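K.L.:
Sequence and predicted structure are below.
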Amino acid sequence: MNQKQSPLLKLVKRYRLFLLTILVTLLLTIFNRDLGIKALMVSGYSIEEMASFIPPIFILLGLLDVWVPRETMVKYMGEGSGLKGIVISFVIGSAAAGPLYGAFPIAAVFMKKGVKFSNILIFIGAWSTTKIPMFLFEMSSLGAKFAITRLLIDIPGIIIMAYILSTFLSRQEIKHIQQRAESL
Amino acid sequence: MFTYFLYLVAGAFLVISYLKDPKKTKTALKKAWKSFENILPEFLGVLMLVGILLAVLNPEVISKVIGKESGWFGVIISALVGAITLIPGFVAFPTAALMLHEGAGYMQIGAFVSTLMMVGIITMPVEIKYFGKKLTILRNTLAFLFSFFVAFIIGKVMIGL
């Protein structure tokens, strides 16, 4: 595409957000040493967290892409998979580990493999709130009543939101998002 | 602990895959690397942003603003704070417990926890790359509104009808 651009310029362009945030952190450190160091420590912790959970997720993703045929994914989670598709999307999302942004690359592979769009949104929703390890942790820190109430509202909420979102988008818009996923 | 389990599963599948077809396995690893390299700039930028934001915001100050008596105003503030920041759950829940202890109300904490997990303004660059602007904004807005409903129910259940 941009063959005229030098590789370095391309790299700088791709990483512009990262470079900008490094600059802001540096400025913060100059004006307020304590805040700057705190920011660096939190970022360092988050990057460490990312480095620890990202390799297995991406390896599973690559294996899924290569080994599981499109027909199988369509059968279990595609158009016409009905309640089965909804339950499977929920279970996969809830069994996950790691922050929400880890769910997006998996969603991209699901799209490539023909998973129904509303099921992808259910998967994202489940990953964001009903993750099993997080639920156990929520029970221990905020109490069973709090955690169970939230879970019971979230399950129907996630499904309803997935359907509302799918109706908000036209067929073409969904197709466009799916095509974009192919190239990622 | 859960991460170890993830490694175990990924490792096991990788070995099985390699025994069945080394060439296909190589393709899988190449694909894995490519999709990771593709999103790495957004990941790094977002995680730096998280650091800057968490350094500036401070839970003790926030819990004063969203006390039991703060009502819907407090709910809005805590929903906003939760929507911006992205904190790993292992930090978020103890923080929420601490805020309750410091005098924050249940309804407000319900909103905070809910937007914290469902809404991610800071992670939007990553989400947009995969889902496009329209869906990302719609999803986050809807989840934000839904969190008020969650807050309302949590408030009713925890304090009593």
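P.N.:
Looks like it arrived, so ask away. Numbering: from 1, shown residues only, chains lettered A, B, ... in the order given.

K.L.:
Run through chain A and note the low-pLDDT ranges.
P.N.:
A:1-4 (pLDDT under 70).

K.L.:
Domain parsing of it, as residue ranges.
P.N.:
Split into domains by automatic domain parsing, chain A comes to A:1-53, A:68-183.

K.L.:
Those domains into TSV, with extra columns for mean neighbour count and distance to chain B?
P.N.:
Using the backbone N, CA and C atoms, a C-beta is placed for each residue, glycine as well. Listed next are the domains of chain A as TSV, based on neighbours: other CB atoms under 10 Å in any protein chain shown; distance: least, CB to the nearest CB, whole Å:
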stretch	mean neighbour count	distance to chain B
domain A:1-53	14	3
domain A:68-183	18	4
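
K.L.:
looking at those, which is closest to residue B:51?
P.N.:
domain A:1-53 (3.0 Å; CB to CB).

K.L.:
for that closest one, the distance to its chain's centre please.
P.N.:
21 Å (CA atoms, centre = their mean, to the nearest Å).

K.L.:
again, but for stretch A:129-140
P.N.:
On CA atoms, centre = their mean, the centre of stretch A:129-140 falls 17 Å from the chain's centre.

K.L.:
Kindly format the C-alpha coordinates of that stretch as PDB.
P.N.:
This file holds the C-alpha atoms of stretch A:129-140, laid out as PDB (Å, rounded to 0.1, in the frame of the first residue of the first chain):
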ATOM      1  CA  THR A 129     -18.600  -9.300  32.900                       C
ATOM      2  CA  THR A 130     -19.400 -12.900  33.600                       C
ATOM      3  CA  LYS A 131     -15.900 -14.400  33.600                       C
ATOM      4  CA  ILE A 132     -15.900 -17.300  36.100                       C
ATOM      5  CA  PRO A 133     -12.500 -16.500  37.900                       C
ATOM      6  CA  MET A 134     -13.600 -12.900  38.200                       C
ATOM      7  CA  PHE A 135     -17.000 -13.900  39.600                       C
ATOM      8  CA  LEU A 136     -15.400 -15.900  42.300                       C
ATOM      9  CA  PHE A 137     -13.100 -13.000  43.100                       C
ATOM     10  CA  GLU A 138     -16.000 -10.600  43.200                       C
ATOM     11  CA  MET A 139     -17.900 -12.900  45.700                       C
ATOM     12  CA  SER A 140     -15.000 -12.900  48.100                       C
END
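
K.L.:
Next, the contact list for residue B:41, please.
P.N.:
A:14, A:15, A:16, A:17, A:18 (CB atoms under 8 Å, 6 or more residues apart in numbering or on different chains).

K.L.:
on that earlier part again, adding distance to residue B:108, write the domains of chain A out as TSV.
P.N.:
As requested, those are exported to TSV (distance: least, CB to CB, whole Å):
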stretch	distance to residue B:108
domain A:1-53	23
domain A:68-183	13
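
K.L.:
For residue B:135, which of those is the nearest?
P.N.:
domain A:68-183 (6.4 Å).

K.L.:
out of the domains of chain A, which comes closest to residue B:16?
P.N.:
Of those, nearest to residue B:16 by CB to CB is domain A:68-183, at 13.3 Å.

K.L.:
Show me the helices in chain B, by range?
P.N.:
Ranges of helices within chain B are B:2-20, B:22-56, B:59-65, B:71-84, B:89-101, B:106-118, B:124-159, based on DSSP state H.

K.L.:
Of these, which shows the lowest average pLDDT?
P.N.:
Lowest mean pLDDT of those: helix B:59-65, a mean of 74.

K.L.:
Other residues contacting it?
P.N.:
Contacts for helix B:59-65 (CB under 8 Å, 6+ apart): B:74, B:77, B:78, B:81, B:95, B:98, B:99, B:102, B:103, B:104.

K.L.:
Can you say which of those residues are buried?
P.N.:
B:74, B:77, B:78, B:81, B:95, B:99, B:104 (16 or more other CB atoms under 10 Å in any protein chain shown).

K.L.:
can I get those residues in a markdown table with distance to residue B:66?
P.N.:
Shown next, in a markdown table, are the buried ones among the contacts of helix B:59-65 (distance: CB to CB, whole Å):
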| residue | distance to residue B:66 |
| --- | --- |
| B:74 | 4 |
| B:77 | 6 |
| B:78 | 5 |
| B:81 | 8 |
| B:95 | 13 |
| B:99 | 7 |
| B:104 | 5 |
